[in-house]
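>>> I'll drop the sequence and a predicted model, then ask my questions.
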Amino acid sequence: MSVHKVCYLYILKSLKDNKLYVGVTKNLQKRFKQHNLGFVRSTKIRRPFILIYSEKFSTLSEARKKEWEFKCTPWGGKLKKELAEKWSLGPPKADRDGGQQS
């Protein structure tokens, strides 16, 4: 019997410098907490963060592919900026859960 583990792609926005961070994790709440507590070397000096986007994937490889798109393609960079701009207007409407997409 195989265990089906959900993975998440997430985008954080630094409240210190307004820069965005894209990552992938199997435990979104734990990873978000690690970023804000300074346990992630690459984001430690940019704390605190808010979560502006997350998306569920059924496999790690699917989540990594989407992460690559956000980080390495022109349309991914554009989408990332659009998400950040929407968040700057206030949290997403009631049809979303704190910026998270299911």
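Perfect, thanks for sending it. Numbers count the residues shown, from 1 in each chain.

>>> where along this protein do the helices fall?
Assigned helices in the chain, in chain order: 28-37, 60-72, 74-88 (criterion: DSSP state H).

>>> and the second one, what's its mean pLDDT?
Summarised as a single mean, pLDDT over helix 60-72 is 96.

>>> Repeat that for stretch 44-53.
Mean predicted lDDT for stretch 44-53 stands at 96.

>>> Restricting to C-alpha, output that stretch in CSV.
Taking Å, rounded to 0.1, in the frame of the first residue of the first chain, the C-alpha atoms of stretch 44-53 are listed here in CSV:
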residue,chain,number,x,y,z
LYS,A,44,17.0,34.4,7.3
ILE,A,45,17.9,38.1,6.8
ARG,A,46,14.7,38.9,5.0
ARG,A,47,12.2,38.0,7.8
PRO,A,48,9.3,38.3,8.4
PHE,A,49,7.3,36.8,5.6
ILE,A,50,3.7,36.5,4.6
LEU,A,51,2.4,33.6,2.5
ILE,A,52,0.9,35.1,-0.7
TYR,A,53,0.3,31.9,-2.7
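
>>> hang on, the earlier thing: in CSV: the helices of the chain, plus mean neighbour count and distance to residue 8.
Placement of C-beta: from N, CA and C, glycine included. Formatted as CSV, these follow (neighbours: other C-beta atoms under 10 Å; distance: least, C-beta to C-beta, whole Å):
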stretch, mean neighbour count, distance to residue 8
helix 28-37, 15, 4
helix 60-72, 15, 7
helix 74-88, 13, 15
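
>>> Now distance to residue 43 too, for those helices, in a markdown table please.
What follows is these, written out as a markdown table (distance: least, C-beta to C-beta, whole Å):
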| stretch | distance to residue 43 |
| --- | --- |
| helix 28-37 | 5 |
| helix 60-72 | 14 |
| helix 74-88 | 15 |
